[in-house]
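Asker: Predicted model follows, preceded by the sequence.
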Amino acid sequence: MSVIVTSQLTKVFPGDIRAVDGVDFEVAEGEIFGFLGPNGAGKTTTIKMMNTLIKPTSGTAVVTGFDVIKNPAEVRKNIGYVAQDVGVDEYATGRENLTLYGHFYRLDGRTIKRRVKEIFELVDLAGYEDKRVSTYSGGMRKRLDIAMGLIHQPKLIFLDEPTVGLDPQTRVHIWDYIHNLAKVMGVTIFLTTHYMEEADRLADRIAIIDLGKIIAMGTPDELKQAIGGDVVTLTPCESGDEACQEFLRQAQSALSGKPFVLGMQPTDDELAVYVNKGESAIPNIMRLLANEGIEVESLSVSRPSLDDVFLKYTGRTIRAQEGTATTYVQMQRKRDRR
Amino acid sequence: MNLLNDIRFQILRHLRTLFRIRVWIFINLVQSLIWLVLFTQVFDSLGASFAQLPGLENASYLQFFAPGVVVLTVLFGSAWAGMGLLQDIDMGVLSKMLATPVTRVSIISSRVIASMVMLVIQALIIFAIAVVMGVNIVTGVPGVLFAIVLISLLGLGFAAFSNGLALLFKRPEPLMGVINFVALPAVFLSSTMMPPELLPGWLDTVRYFNPVDYGVVGVRDLVLHGYIWSDLWRSTLVLGAWATAGIAFGTLMLRSRAE
Ligand SMILES: Nc1ncnc2c1ncn2[C@@H]1O[C@H](COP(=O)(O)OP(=O)(O)OP(=O)(O)O)[C@@H](O)[C@H]1O
Ligand SMILES: [Mg+2]
């Protein structure tokens, strides 16, 4: 059974901003479905249409069997939502936050007590129940935030970039919770992220979204196999200046049309060359470049990553945008709350 | 049933928060006390001649002004009520909440009622201080209860409009602007500071469009003159309509969030 089915789901914001532009996907029960895309791709907007916070401009979404436009109240009963930014009451304790949500989901007092105890253990916050949230660390807040989306044992949980801004250790911790939720407790999870590694490790299936459109969808392996073979990454120079661009252009033309090259994709300071077998391609590449007098700073061989998938379809890397992500995400977060 | 529970649990949350950030309650009370003491001192220096003015009927300015201060306490307290909701918006609490089955109406009404509870307590404190300072409330305890009903309706309206504007603006600066633009003029464009008989003609007309004036007239009747039912009925009806309009506005703003 499909827990989510969307059809041509679209959101156009004032000023003709097509934040989400006709997306179609299905999410099966018990599946972890990853929505991978760079900042501004339309991930949050898609989630907010499915959890009834905003109305689609056109298209439909059926979530846990109910249409989000015709029957939003039923949808809300069945889902949990963990927003991109932490949404906890700082002036209340962890227990007070969770208890209030228990009431919102119509649980009775005894059930709430029991669930609060279970959940604080689940997210590793036991002992902090009665401390004010204002004394929690960022990671603790995020875990409480996730706990609030789980109190009523929903069938489906939306996690919008659940590990942004967390240290690597906490991130791995949260990945474990998410994995267990789906695989042990059978909860369906819709997860957005702009971390490839997160999508790769957690998701059963991934949709890659860019500028409001789904550009590729499948299991992580399927997506990577579609690229085929290995990726040889050339870094002919260090900066993204004119000279460097010139180097890249020369390298590209030196290699183009050669039978062992399946495809190429340049970025600001790198050239990704897709080949069948990396080991045998390297000597060829070195020779061809040397003939043209091009010096290569460094060269590496790797299996295709989701970033290569993204690169192939968009000509950009998700990685390249992560450098500016922090400030951008903070800006974005402020807006998302409003 | 769900609605009542939602309101109850959220009122508890809001009262808890208000008590934990006591400073606002404190500031509002101190501000009212300053009004009471300062203005009474200033006008008392005018001496007995002041009490002879029409509309005062030999009452001291303290006696005249104390009901106004009770209304001011409620006005200033409730006008700022939307700031709490802004804090929820900023903490990301509101949008998360809207994705739960919580009844929409309860979000605004619980906030407004919680503000009211706090303000009624503050109003009672001001009443008590006024009595200690020598104000004689002619209708006694029942009159005070009636006064509480009137100022609750007044405050409900202001608190609900303030919450609605918070949802409309989504940020504190414009809300603070509107409050500053509205609250103090609302005091001066009413008979809070001066008896109606002493107001210029245009102002005496303007005050009929000002909900604050209906609160002041009603409460002052109860404190100074007794049960003047023509005034009291009019105040109750107008303030009831004012409160209803406020709640309707607030709920409408909340609904229009999901556009
Ligand atoms: N309320 C809004 N009004 C106008 N434009 C909006 C609004 N919300 C989002 N947008 C625009 O829609 C696009 C998609 O935004 P969205 O928040 O869905 O992206 P995202 O994939 O979640 O990005 P991020 O990784 O930064 O969270 C962006 O161009 C954004 O500027
Ligand atoms: Mg987002």
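Answerer: That came in fine, so what should we check first? Numbering: from 1, shown residues only, chains lettered A, B, ... in the order given. Ligands and ions are numbered 1, 2, ... in the order given.

Asker: How about the residues of chain A by chain B?
Answerer: A:51-55, A:73, A:76-77, A:79, A:81, A:83, A:85-92, A:96, A:100-101, A:103-106, A:148, A:333, A:336-338 (CB under 8 Å from any CB of the partner chain). The way it works is simple: take the backbone N, C-alpha and C, and place the C-beta from them, glycine included.

Asker: Just the buried residues of these.
Answerer: The neighbour count (16 or more other CB atoms under 10 Å in any protein chain shown) marks A:51-54, A:76, A:79, A:81, A:83, A:85-92, A:96, A:100-101, A:103-106, A:148, A:333, A:336-337 as buried among the residues of chain A next to chain B.

Asker: circling back: from the residues of chain A next to chain B, which land in strands?
Answerer: Using DSSP state E, the members of the residues of chain A next to chain B that fall in strands are A:Ile79, A:Tyr81.

Asker: How many residues are close by the residue nearest to B:Leu33 when sequence neighbours are not counted?
Answerer: Nearest non-adjacent residue to B:Leu33, counting by CB to CB, 6 or more residues apart in numbering or on different chains: B:Ile129, 6.9 Å away. When neighbours are defined as other CB atoms under 10 Å in any protein chain shown, B:Ile129 has 17 of them.

Asker: element containing B:Val187?
Answerer: Assigned by DSSP states H and E, B:Val187 belongs to helix B:172-188.

Asker: Mind checking if that helix is in reach of chain A?
Answerer: No: for helix B:172-188, no contact with chain A is found by CB under 8 Å from any CB; the gap never falls below 11.8 Å.

Asker: Packing partners of that helix?
Answerer: Judged by 3 or more CB pairs under 8 Å, 6 or more residues apart in numbering or on different chains; DSSP states H and E, helix B:172-188 is in contact with helix B:61-79, helix B:82-91, helix B:140-169, helix B:211-220.

Asker: ok and the residue in the stretch 151-259 of chain B nearest chain A?
Answerer: As assessed by CB to the nearest CB, chain A sits closest to B:Lys170 within the stretch 151-259 of chain B, at 4.3 Å.

Asker: Isn't that residue up against B:Ile89?
Answerer: Yes: if you go by CB atoms under 8 Å, B:Lys170 and B:Ile89 touch, sitting 6.1 Å apart.

Asker: For the two, indicate the residue with more neighbours.
Answerer: Higher neighbour count among B:Lys170 and B:Ile89: B:Ile89, with 21 against 18, using other CB under 10 Å.

Asker: That one and ligand 2: what is the separation?
Answerer: 17 Å (CB to the ion, to the nearest Å).

Asker: Tell me the spacing between that residue and B:Met97.
Answerer: Going from B:Ile89 to B:Met97 by CB to CB, to the nearest Å gives 10 Å.

Asker: and if you look at A:Gly22?
Answerer: Applying CB to CB to A:Gly22 and B:Met97 gives a distance of 30 Å.

Asker: Now do the same contact list for A:Gly59.
Answerer: For A:Gly59, the contacting residues are A:Thr6, A:Ser7, A:Gln8, A:Leu9, A:Thr10, A:Gly22, A:Val23, by CB atoms under 8 Å, 6 or more residues apart in numbering or on different chains.

Asker: Make CSV out of those residues and add distance to B:Val117 and secondary structure.
Answerer: CSV is the format used below for the contacts of A:Gly59 (distance: CB to CB, whole Å; DSSP: H, G, I helix; E, B strand; the rest coil):
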residue, distance to B:Val117, secondary structure
A:Thr6, 45, strand
A:Ser7, 48, strand
A:Gln8, 49, strand
A:Leu9, 44, strand
A:Thr10, 45, strand
A:Gly22, 50, strand
A:Val23, 47, strand
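
Asker: burial count for A:Thr267?
Answerer: Counted with other CB under 10 Å, residues neighbouring A:Thr267 total 16.

Asker: Apologies, that question was intended for B:Arg16.
Answerer: As a burial measure, B:Arg16 scores 16 neighbours (other CB under 10 Å).

Asker: swap in A:Asp16?
Answerer: Number of residues near A:Asp16 (other CB under 10 Å) recorded here: 6.

Asker: Quick check: phi and psi on it?
Answerer: Geometry field for A:Asp16 lists phi and psi as phi 60, psi 40, criterion degrees, to the nearest 10.

Asker: mind checking how far it is from A:Thr57?
Answerer: Distance of A:Asp16 to A:Thr57, given as CB to CB: 11 Å.

Asker: And A:Ile227, by the same measure?
Answerer: 34 Å.

Asker: low-scoring pLDDT stretches of the stretch 1-150 of chain B, where are they?
Answerer: B:46-58 (pLDDT under 70).

Asker: ranges for the helices of it?
Answerer: Here the stretch 1-150 of chain B has its helices, by DSSP state H, counting those that start in this stretch, at B:2-20, B:23-44, B:48-51, B:61-79, B:82-91, B:93-98, B:104-133, B:140-169.

Asker: residue contacts, B:Ser191?
Answerer: Residues near B:Ser191 by CB under 8 Å, 6+ apart: B:Leu199, B:Arg207, B:Asp213, B:Val216, B:Val217, B:Arg220.

Asker: Quick check: the fifth one touching B:Thr236?
Answerer: No: the criterion here is CB under 8 Å, and B:Val217 misses it with B:Thr236 at 11.2 Å.

Asker: Who has more neighbours out of these two?
Answerer: Neighbour count, other CB under 10 Å: between B:Val217 and B:Thr236, B:Val217 has more, with 24 against 17.

Asker: In contact with that one, which residues are there?
Answerer: When contacts are counted by CB under 8 Å, 6+ apart, B:Val217 touches B:Ser191, B:Asp231, B:Ser235.

Asker: I'd say B:Ile126 and B:Val69 touch.
Answerer: Yes: counting by CB under 8 Å, B:Ile126 touches B:Val69, with 5.9 Å between them.

Asker: Compare the two and say which one has the larger neighbour count.
Answerer: Between B:Ile126 and B:Val69, counting by other CB under 10 Å, B:Val69 is the more crowded of the two (27 against 22).

Asker: so how far is B:Thr205 from that one?
Answerer: Distance, B:Val69 to B:Thr205, by CB to CB: 25 Å.

Asker: Close to ligand 1: what parts of the stretch 1-150 of chain A are there?
Answerer: By CB under 6 Å from any ligand atom, the residues of the stretch 1-150 of chain A that approach ligand 1 are A:Phe13, A:Ile17, A:Ala19, A:Gly37, A:Asn39, A:Gly40, A:Ala41, A:Gly42, A:Lys43, A:Thr44, A:Thr45, A:Gln84.
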